[in-house]
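pasting a predicted model and its sequence here:
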Amino acid sequence: MTLAILFFVAVTLLFLDFTGTIHAWLGWVAKVQFLPALLAVNTGVVIALVLLTLLAGRVYCSVICPLGVFQDVVSWLSGRRRKKKWRFTYSRPLPWLRCTVLVLFVAAMLAGVGSFVALLDPYSAYGRIASNLFAPVYAWGNNALAWMAERADSYAFYETSVWMRGLPTLVIAIVTLVVVVVLAWRGGRTYCNTVCPVGTVLGFLSRFALFRVSIDADKCKECGLCARKCKASCIDVKNHTIDYSRCVDCMDCLDACRHDALHYKRHKQNAALDVNGNGKAGDEGVDSSRRTFLTVTAAVAASEALKAQEKKVDGGLAVIEDKVAPKRATRIVPPGAEGQKHFYQHCTGCQLCVSVCPNEVLRPSTGLLTLMQPEMSYERGYCRPECNKCSEVCPAGAIKPITVADKVSTHIGHAVWVKKNCVPLTDGVECGNCARHCPVGAIQMVPSNPSDPASVKIPVVNDERCIGCGACENLCPARPFSAIYVEGYEKHHID
C-alpha cells in the first residue's frame, strides 16, 4: 500500500508540475508504465514487468499503474460508508469481453487507429484525467498563492496560465473519470478486469505466477469474508478457487480471513492446478480462455488542436483579435520525434508532454484517427530553441531525448509567406517582426518592388535555414490569420 501511494503521488505530480523540475527526479515512474515501455522498446523495463508478474502476479496493477491505484482510492472511500465494508461478492469471469477488447485494441494499433488505443491504455487514461481535470485546479491554487505572495512582497510563487487545450480531450477525460469512479465505487476493480487490455495481458501471465494466494480447503469454513473483501471479485469460496487472471495481489483477503485458511505462497507452475496446488482443475476460478500473449507494437497519431486562447489588450485599450490556426497541409510534430511515422507509432496520448510544455505549443489533437495525441500549433507561443522539455519526459519514445544544440539544427517544418495577410502590403507600414525574431536568421526583408528600393519591405524565407520553430507565425501582428505560418515535414532532417 505504501509503494502504491508513492507511485500514485509521483505519477500525479508529473502531470501537475508546470515547472518541469519534478521530472528530473521522478520522470522514471512514467517510463516504467507497461505500454509506454513497450512502445519505447525499453526491453529492460518490459522484461522486468513480465518477470515481476510471473513471480508475484499482477503487482503492476496494484502498485505501479496509476489508474489501478486511483480505483483503489475510490473503492476505499466507498467502503468507508457504514455497512459497506464487506460489499463485494464473487462474480463469474467474462473472458469473451476481455478478449474482444484486447483483440480490438491490438487491431486498432495495427490499423493506425490511435484514438482507440489512447482511450484504453490505463496510464494514458489517467494522464488525461490528471492533466485536464486535476492540473487546472492545481494551477488555480498556485495562482492564488502567487497573488497573496505578491501582496506580501514575496515572489516565491509565480502565476501560470490556465487554458483549455482541447475540448474533445476534456470531454473524454470527464467521461473516463465518471466511468472509472462509478465502476470502482460499486465494484472495485471492475474496469481492470473487464476493459483494460494491459490488465488482460498481465492477467494471462499471472495465471502462471510462482507466488499466489492459496486457499486451504481443510481450514476454510466457507464464511465468505475473503470474497466479500476481494475488490477483484475473483474468489469462489464454494469451490475454493481463485481466478488468478483477475487477482491483483492486494492481499486484502489475507487480512479478512479469520481461520488462517488463506496464504500467499509458492505454487507449482501448472495452469490446471487449483488454488490448493493439488492438481484439481478449477475452471470456475481460472480464466478459461486460451489466449495467446499478444505483443503490442503500434500506437497513436498527432493532428489538429482546438484552440482556447485568452484575450490580450494593446495599451490597455484595444482588444487584440485572437489568432486562428492555419490549415496546415502537413502537421507539425516536435523535435526529437524524427517524423510523423515514428511519432504516430509510439505516442500513447498520455498528455505528459502537453502538461510540461512551458510555451503552450503542444495541445491534444481533435482529429478522429489521431484524437488526444499532441500536435504543435503556434497561436499561444512558439517552440523556443533553448527548450527540450517534451523530449525529456516522453515515456514511450515518441519524442526521443534531444539536446538543445541538436534541436537548433533539426528542421521540423518551414515557414510559408501569405501575401494577402502581410501588414506592410495591407496597411502600407513597415513591420519586419518575423525577420526580427527569427532565431536562425532564415527570414530577410526585401523591397516589395524590386525596382524601387524605397518601397515597403516584405519577408523572404530561406527554407534551408528555417527550422519550423514558429516564432514568425506566433509574433506576426496580422489577425486573425498570420501572414506567415509553418508547414510541417513528414520526416525531420538535421543539418
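The structure has been received and is ready for your questions.

mind listing the strands for the stretch 151-300 of the chain?
211-215, 235-236, 241-242, 262-266 (DSSP state E, counting those that start in this stretch).

so which of the ones you listed is the most packed in?
Of these, the one with the most neighbours on average (mean count of other Cβ atoms under 10 Å) is strand 241-242, at a mean of 26. From N, CA and C alone the C-beta is placed, and that goes for glycine too.

hmm, back to that, okay if I get the strands of the stretch 151-300 of the chain as CSV plus mean pLDDT and distance to residue 460?
Formatted as CSV, these follow (pLDDT from 0 to 100; distance: least, Cβ to Cβ, whole Å):
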stretch, mean pLDDT, distance to residue 460
strand 211-215, 91, 69
strand 235-236, 92, 73
strand 241-242, 91, 72
strand 262-266, 89, 72
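
columns distance to residue 125 on top of these, output as CSV?
Output for those, formatted as CSV (distance: least, Cβ to Cβ, whole Å):
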stretch, distance to residue 125
strand 211-215, 28
strand 235-236, 27
strand 241-242, 27
strand 262-266, 29
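
for residue 453, find the nearest of those.
strand 211-215 (82.9 Å; Cβ to Cβ).

partner strands of that closest one, parallel or antiparallel?
Here strand 211-215 is paired, per DSSP bridges, with strand 262-266 (antiparallel).

so what touches the partner strand?
210, 211, 212, 213, 214, 215, 216, 226, 249, 251, 253, 254 (Cβ atoms under 8 Å, 6 or more residues apart in numbering).

now do stretch 145-158
142, 159.

mind listing what's buried along it?
If you call a residue buried by 16 or more other Cβ atoms under 10 Å, then stretch 145-158 has these buried ones: 146, 157.

one more: stretch 107-120?
In stretch 107-120, counting by 16+ other Cβ under 10 Å, buried: 108, 109, 113, 114, 115, 116, 117, 118, 119, 120.

out of those residues, the closest to residue 221 would be?
For these, the closest approach to residue 221 (Cβ to Cβ) belongs to residue 120, at 40.3 Å.

quick one: contacts for the residue nearest the centre of the chain?
The chain has residue 350 as the residue nearest its centroid, 1.0 Å off, counting by Cα atoms, centre = their mean. Neighbour list for residue 350: 30, 36, 118, 121, 123, 124, 127, 128, 395, 396 [criterion: Cβ under 8 Å, 6+ apart].

just those: which are in helices?
Judged by DSSP state H, helices contain the following of those: 30, 36, 118, 123, 124, 127, 128.

rewinding a little: can you tell me which of the contacts of residue 350 is nearest residue 322?
Ranked by distance to residue 322 (Cβ to Cβ), the contacts of residue 350 are led by residue 128 at 25.1 Å.

any idea which element residue 446 lies in?
strand 443-447 (DSSP states H and E).

repeat for residue 490
strand 484-494.

and what of residue 48?
Assigned by DSSP H and E, residue 48 falls in helix 43-56.

same question for residue 414.
strand 410-417.

that strand: how far from the chain's middle?
27 Å (Cα atoms, centre = their mean, to the nearest Å).

which parts of the very next helix or strand once past that strand are buried?
Heading C-terminal from strand 410-417, the first helix or strand you meet, by DSSP H and E, is helix 423-427. Within helix 423-427, the residues scored as buried using 16+ other Cβ under 10 Å are 423, 424.

now do helix 423-427: which elements does it pack against?
Counting by 3 or more Cβ pairs under 8 Å, 6 or more residues apart in numbering; DSSP states H and E, the packing neighbours recorded for helix 423-427 are strand 457-461.

can you tell me what sits against the strand it packs on?
414-417, 419, 422, 424-425, 430, 432, 434-435, 442-448, 472, 484.

6 Å - rerun?
415, 417, 422, 424, 434, 435, 443, 444, 445, 446, 447, 448 (Cβ atoms under 6 Å, 6 or more residues apart in numbering).

now it: average pLDDT?
For strand 457-461, mean pLDDT is 94.

and for stretch 340-352?
88.

list the contacts of residue 240.
Per Cβ under 6 Å, 6+ apart, neighbours of residue 240: 215, 217.

could you find the closest non-adjacent residue to residue 84?
Leaving aside its chain neighbours, residue 84 sits nearest to residue 78 (6.4 Å; criterion: Cβ to Cβ, 6 or more residues apart in numbering).

quick one: the one you found is in a helix?
Yes: according to DSSP: H, G, I helix; E, B strand; the rest coil, residue 78 belongs to a helix.

tell me how many other residues crowd it.
18 (other Cβ atoms under 10 Å).

how much space between it and residue 112?
For residue 78, the distance to residue 112 equals 39 Å [Cβ to Cβ, to the nearest Å].

residue 491 now?
Distance from residue 491 to residue 112, by Cβ to Cβ: 17 Å.

cool, residue 493 as well?
24 Å.

check which residues of the longest helix along the chain are buried.
Longest helix in the chain by number of residues, with DSSP H as the criterion: helix 167-187. Within helix 167-187, the residues scored as buried using 16+ other Cβ under 10 Å are 168-170, 172-173, 176-177, 180-181, 183-185, 187.

for that helix, name the packing helices and strands.
helix 66-79, helix 122-129 (3 or more Cβ pairs under 6 Å, 6 or more residues apart in numbering; DSSP states H and E).

lowest-pLDDT helix or strand in the protein?
strand 312-314 (a mean of 42; mean pLDDT, DSSP states H and E).

what about stretch 246-264, start to end distance?
Start-to-end span of stretch 246-264 (Cα to Cα, to the nearest Å) is 16 Å.

likewise for stretch 446-454?
10 Å.

about what we covered before: can you give me the angle the strand holding residue 490 makes with strand 410-417?
Between strand 484-494 and strand 410-417, the angle comes out at 150 degrees (axes from the mean of the first three to the mean of the last three Cα atoms, to 10 degrees).

okay, now the unreliable bits of this protein?
82-83, 268-320 (pLDDT under 70).

can you give the domain ranges for it?
Domains of the chain are assigned by automatic domain parsing as 210-286, 413-495.

sorry, back to before: for the residue nearest to the centre of the chain, which three-state class applies?
Relying on three-state DSSP, one would call residue 350 coil.

let me know whether residue 432 touches residue 445 as I believe.
Yes: Residue 432 is within contact range of residue 445, at 4.9 Å (criterion: Cβ atoms under 6 Å).

before we move on, the earlier item: so the residue nearest to the centre of the chain versus residue 230, what's the distance?
30 Å.

and what of residue 446?
75 Å.

give me the more crowded residue out of these two.
residue 230 (27 against 13).

list the contacts for the more buried one?
With Cβ under 6 Å, 6+ apart, residue 230 has these contacts: 88, 253.

how far away is it from residue 153?
From residue 230 to residue 153 the distance is 56 Å (Cβ to Cβ).

so which bits of stretch 121-131 are buried?
Counting neighbours by 16+ other Cβ under 10 Å, stretch 121-131 gives 121, 122, 123, 124, 125, 126, 127, 128, 129, 130, 131 as buried.

pretty sure the first one contacts residue 36?
It stands for residue 121. No: using Cβ under 6 Å, residue 121 is not in contact with residue 36, being 8.3 Å away.

which residues are common contacts for the two?
Joint contacts of residue 121 and residue 36 (Cβ under 6 Å, 6+ apart) are residue 348.

show me the one of the helices and strands packed on helix 167-187 that comes nearest residue 261.
Among these, helix 66-79 sits nearest to residue 261 (Cβ to Cβ), with 22.4 Å.
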